[in-house]
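K.L.:
Next come a sequence and a model predicted from it.
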Amino acid sequence: MKKLHIALAVAVFALTISVQAQHQKEVLLVGVFHFNNPGADLTKLETFDVMSKKSQQELELITDHIKKFKPTKIFVEWEYNDQLGLDTLYNLYLKDTYFDYVRQKFPKNAFYSQNEIFQLGFRAGKKAGLPKIHAIDCPMDWRYDSLQIAIKKAGQTDLQATIDKQIKEFGELTSGLMKKLTLTQMLLEENKASMRNINLGFYITLLNKGGALDDFTGADVVNAWYRRNLHMYSLVQKLTEANDERVMVIVGAGHAAVFKHFIDLDANYKVVELEEVLKK
């Protein structure tokens, strides 16, 4: 009898998953390099001008396609506990007074004029007729310095050398692509499965094993990264309502790599790639 109950439970669960899969919400997942400091995370080089005439024309075309996708919510990498601040800025954008405001208030801060939240997220939101852009970022303490100390203490010189080498090579790759690709091409490149796998694999392949046998600093650093992304994805799940058939998520490419992994495991959602949307 017990085996029958278990078999029935498994069958019901499988049926539920199957039904959910038939009604999966579409998530347009767009991983980006940060428009206001391209390459700065890794190469410290400014090599891409998102404010150029060509890039601005591309953003207009990209967001025209996103409008056709008809997202009912757009999620961006802004601290979720400052939703009011984001609302204030987006309301200014809807009134066409945003850029005049930030030029006066933040004359030396490129973030407010160039970042993808405003250049891509706000632009797409306004074209889609959305009254609000949703903040989902959950910054956490990332102890990379502690990891380097733990690696040194454990005598993992080869591991540190490999980490440094991969960071340098990935930075050079990204910087090189920025010099020869258009904005659209760059975004498509950032969202390739191969690029996401490199980004995500770095944490598991290298950082996770940092530290001595009884020192799990490496695993703790990777855990903090996953935890941040889990919190962010949790907000997407909670804020997406029953009538939201299509939503859009704009985050750094590293976050997008983890999000793709989460969404692939979530029976209620499926990823729609930017490449697909641009073809329509």
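P.N.:
Structure received. Please read all numbers here as calculations on a predicted model, not as lab measurements.
K.L.:
And Phe216, its phi and psi?
P.N.:
phi -100, psi 30 (degrees, to the nearest 10).
K.L.:
Burial check on it, number of neighbours?
P.N.:
16 (other CB atoms under 10 Å). Any C-beta I mention is one placed from the backbone N, CA and C, and that applies to glycine too.
K.L.:
Distance of it relative to Asp145?
P.N.:
When distance is defined by CB to CB, to the nearest Å, Phe216 is 16 Å away from Asp145.
K.L.:
Likewise for Val258?
P.N.:
In this structure, Val258 and Asp145 are separated by 22 Å, where distance is defined by CB to CB.
K.L.:
same check, this time on Gly155
P.N.:
For Gly155, the distance to Asp145 - CB to CB - is 18 Å.
K.L.:
cool, Ile167 as well?
P.N.:
Here the criterion is CB to CB. By it, Ile167 lies 14 Å from Asp145.
K.L.:
First-to-last residue distance for stretch 30-50?
P.N.:
The straight-line separation of the ends of stretch 30-50 (CA to CA, to the nearest Å) is 16 Å.
K.L.:
For that stretch, give the mean pLDDT please.
P.N.:
Averaging pLDDT along stretch 30-50 gives 71.
K.L.:
circling back: higher neighbour count, Ile167 and Asp145?
P.N.:
When neighbours are counted by other CB under 10 Å, Ile167 and Asp145 differ, and Ile167 comes out ahead with 15 against 9.
K.L.:
Can you list the low-confidence ranges for the stretch 1-150 of the chain?
P.N.:
Using pLDDT under 70 as the threshold, the predicted model of the stretch 1-150 of the chain has low-confidence ranges 1-22, 38-47.
K.L.:
can you give me the helices for this protein?
P.N.:
Taking DSSP state H as the criterion, the chain contains helices spanning 2-22, 53-69, 83-94, 98-105, 111-114, 116, 123-127, 144-153, 157-180, 183-190, 193-205, 217-239, 253-265, 274-278.
K.L.:
Glu77: which of those helices is closest?
P.N.:
If you check each of the helices of the chain against Glu77 by CB to CB, helix 253-265 wins as the nearest, at 6.9 Å.
K.L.:
Any buried residues in the closest one, and which?
P.N.:
By 16 or more other CB atoms under 10 Å, the buried positions in helix 253-265 come out as 253-260, 262-263.
K.L.:
How about stretch 270-280?
P.N.:
The neighbour-count criterion (16+ other CB under 10 Å) identifies 271-274, 277-278 as the buried residues of stretch 270-280.
K.L.:
same thing with stretch 223-241?
P.N.:
The neighbour-count criterion (16+ other CB under 10 Å) identifies 225, 228-229, 232-233, 235-236, 239-240 as the buried residues of stretch 223-241.
K.L.:
before we move on, what about stretch 158-173?
P.N.:
159-160, 163, 170-171.
K.L.:
Stretch 205-218 now?
P.N.:
Applying a neighbour-count criterion of 16+ other CB under 10 Å, the buried positions in stretch 205-218 are 206-208, 210-211, 216-218.
K.L.:
Ok, stretch 52-66 next?
P.N.:
55, 58-59, 62-63, 65-66.
K.L.:
list the contacts for Tyr98?
P.N.:
In this structure, Tyr98 makes contact with 89, 92, 118, 122, judged by CB atoms under 8 Å, 6 or more residues apart in numbering.
K.L.:
so what's the last one closest to, chain neighbours aside?
P.N.:
What sits nearest to Phe122 in space, not counting adjacent residues and going by CB to CB, 6 or more residues apart in numbering, is Tyr93, at 4.5 Å.
K.L.:
if we can go back for a sec, would you turn the buried residues of helix 253-265 into JSON lines with pLDDT and distance to Asp100?
P.N.:
Output for the buried residues of helix 253-265, formatted as JSON lines (pLDDT from 0 to 100; distance: CB to CB, whole Å):
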{"residue": "Ala253", "pLDDT": "94", "distance to Asp100": "31"}
{"residue": "Gly254", "pLDDT": "93", "distance to Asp100": "33"}
{"residue": "His255", "pLDDT": "96", "distance to Asp100": "31"}
{"residue": "Ala256", "pLDDT": "97", "distance to Asp100": "32"}
{"residue": "Ala257", "pLDDT": "96", "distance to Asp100": "36"}
{"residue": "Val258", "pLDDT": "96", "distance to Asp100": "37"}
{"residue": "Phe259", "pLDDT": "97", "distance to Asp100": "34"}
{"residue": "Lys260", "pLDDT": "97", "distance to Asp100": "37"}
{"residue": "Phe262", "pLDDT": "97", "distance to Asp100": "39"}
{"residue": "Ile263", "pLDDT": "98", "distance to Asp100": "38"}
